[in-house]
Structures are given as C-alpha cells and as structure tokens.
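> Predicted model, plus sequence, below.
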Amino acid sequence: MSPQTSPASGMTGRANQKLRTRRAIVQAAAELSHTGREVTMTEIAAAALVSEATAYRYFPDLVSLLQEAIAGQLPGPGEALAGVERSTDPVERVAAATEFLLRHVLARQGVVRAMIAGTIARPDRSARPGLRFGLIDHALAPQAETIDPAALEQLKRGLAVVVSAEALFNLTDLYGLDPEDAIASVVATATSLTRAALDPVTKSSR
C-alpha cells in the first residue's frame with residue numbers, strides 16, 4: 001500500500017469509481033434512448049466504455065437499466081396536453097393524447113420495444129412507465145363528474161388497449177402501414193371509441 005494511501009481513502013476511491021461507472025452506464029442508456037434505434041446491453045456498454053459483463057454487474061437486466069435511464073424524462077399529462085388544456089371536448093382531448101403518445105413511442109421505439117419485451121418475459125419484475133394511463137385520465141378529466149363511474153372505467157380500459165405502443169406496432173409491423181397512417185388509424189379508433197361511449201351521456205344531458 002502506498003504510504004500516502006490509507007485503507008479508508010482506498011475504499012472511498014473504489015466507491016467513487018463504481019459510482020462513476022454506474023453513472024456512465026445510465027447516461028449512455030439515456031442518450032441511446034433518444035435515437036429511436038434498437039437498444040441493447042451490448043450497445044450501451046460500448047457507449048459507456050465498459051464491458052458488457054461490467055454493465056450486468058450493475059444492472060441485472062436491460063429493463064432495470066432502462067427504467068433508471070429514462071426516469072424523469074417523461075412529461076406530465078398536463079404538459080403533454082397543454083395544447084388542448086382549455087378544451088372540454090373529450091374527443092379532441094383523447095385525439096391529442098393518442099397522437100402525443102404514439103409520436104413519443106416512434107421517437108423512442110428502440111427503448112419502448114425493449115420495455116415491452118421485458119414486460120412479456122418477466123411481468124413479475126417489469127414495470128413499464130405509465131405515461132398512457134396518465135394521458136387517458138387527464139384527457140377524460142372534464143367528463144369525470146358527468147358520466148357513470150362504471151362507464152368511465154370501461155372507457156378507460158378500452159382506451160388503454162387502443163392508445164398504446166402495441167397498437168401502433170401491430171399496424172406498422174404486422175399490417176404494414178406507414179407510421180403516419182398507423183398513427184392516424186389509432187387516433188381515429190380512439191376517438192370513435194370515446195364518442196360512442198359518451199354519446200349517451202351527451203344525449204341525456206340535452
């Protein structure tokens with residue numbers, strides 16, 4: 001041991017190095033998440049200038065790493081729907097929420113696909129961000145006092161299926177639609193579902 005290095009300072013140095021390594025891995029994942037490309041642990045490790053084995057020593061799987069990397073990056077529902085905040089039309093608000101979510105998914109589809117895969121493989125350990133649920137709740141907030149709670153809950157469940165990355169990827173990957181056409185199709189379905197669910201409420205209030 002160097003006469004200038006005490007055991008305590010050596011431990012502190014190792015702890016700081018581990019912290020720097022962890023931060024580098026998280027930062028690399030965060031930066032790659034903005035590219036829209038496929039994101040793998042191999043690619044993240046290379047960007048962080050560490051080995052893949054080192055990355056796995058800090059994070060047990062890709063999903064755990066991505067969850068930490070994108071934490072705090074997602075906008076709140078109010079921010080996302082600022083353009084329709086003054087509107088009380090649920091159809092307009094749901095359309096805006098759907099388009100916002102799907103364009104967000106397209107911009108970061110590498111991360112989104114990895115998170116979906118992780119959820120399917122390990123549903124007990126995976127926790128995908130709940131952006132769409134917050135958007136749906138916020139979009140329908142003006143109707144919360146005017147619709148039967150059970151009907152509102154059923155509408156939210158239906159929108160949770162439609163307003164989703166899975167719906168978008170189904171149309172682009174399997175149905176073969178261009179991304180813009182796929183977004184337009186999902187928006188049309190979401191607004192039709194909303195209009196159909198709320199029409200009885202609108203008619204009864206006339």
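Right, received. Where do you want to start?
> For the rest of this, base every contact and every neighbour count on C-alpha atoms.
OK.
> Next, count neighbours for residue 112.
Residue 112 has 23 neighbours, counted by other CA atoms under 10 Å.
> Nearest residue to residue 143 in space, ignoring adjacent ones along the chain?
What sits nearest to residue 143 in space, not counting adjacent residues and going by CA to CA, 6 or more residues apart in numbering, is residue 90, at 7.2 Å.
> Cross-check the contact I'm expecting between that neighbour and residue 146.
No - between residue 90 and residue 146 there is no contact under CA atoms under 8 Å: 11.6 Å.
> Counting neighbours, go ahead and name the busier of the two.
Neighbours were counted for residue 90 and for residue 146 using other CA under 10 Å; residue 90 has more, 21 against 13.
> and that one, what is it in contact with?
Residues near residue 90 by CA atoms under 8 Å, 6 or more residues apart in numbering: 139-140, 142-143, 194.
> Out of those, which one has the weakest pLDDT?
The lowest pLDDT within those belongs to residue 143, with 85.
> Give me the domain ranges for the protein.
Listed by automatic domain parsing, the domain ranges of the chain are 7-70, 77-204.
> how far out from the middle of the chain is the last one?
On the basis of CA atoms, centre = their mean, to the nearest Å, domain 77-204 sits 12 Å off its chain's mean C-alpha point.
> go on, the shortest one?
The chain centroid and the centroid of domain 7-70 are separated by 20 Å under CA atoms, centre = their mean.
> now residue 178, nearest residue through space, not along the chain?
residue 172 (6.2 Å).
> and the one you found, how many neighbours?
17.
> tell me the contacts of it?
178-179, 182 are the contacts of residue 172 under CA under 8 Å, 6+ apart.
> among those, which are in strands?
Among the contacts of residue 172, no member falls in strands (DSSP state E).
> from these, which single one is nearest residue 110?
Nearest to residue 110 among the contacts of residue 172: residue 179, at 14.7 Å, using CA to CA.
> quick one: the closest one and residue 45, what's the gap?
Distance, residue 179 to residue 45, using CA to CA, to the nearest Å: 30 Å.
> if you count what's nearby, which of those two comes out ahead?
More neighbours surround residue 45 than the other of residue 179 and residue 45, with 21 against 17 (other CA under 10 Å).
> Now do the contacts for residue 60.
Residue 60 sits next to no residue when contact means CA under 8 Å, 6+ apart.
> ok, back up a step: using PyMOL, make a named selection holding only the buried ones among the contacts of residue 90.
One line in PyMOL is enough to select the buried ones among these; burial here means 16 or more other CA atoms under 10 Å:
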select buried, resi 139+140+143+194
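> Let me have the contacts of residue 90 in a markdown table, extended by secondary structure and distance to residue 168.
Putting these into a markdown table (DSSP: H, G, I helix; E, B strand; the rest coil; distance: CA to CA, whole Å) gives the following:
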| residue | secondary structure | distance to residue 168 |
| --- | --- | --- |
| 139 | helix | 19 |
| 140 | helix | 21 |
| 142 | helix | 27 |
| 143 | helix | 26 |
| 194 | helix | 18 |
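> Pipe the contacts of residue 90 into JSON lines and attach distance to residue 50 per row.
Below are those laid out as JSON lines (distance: CA to CA, whole Å):
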{"residue": "139", "distance to residue 50": "43"}
{"residue": "140", "distance to residue 50": "46"}
{"residue": "142", "distance to residue 50": "50"}
{"residue": "143", "distance to residue 50": "51"}
{"residue": "194", "distance to residue 50": "49"}
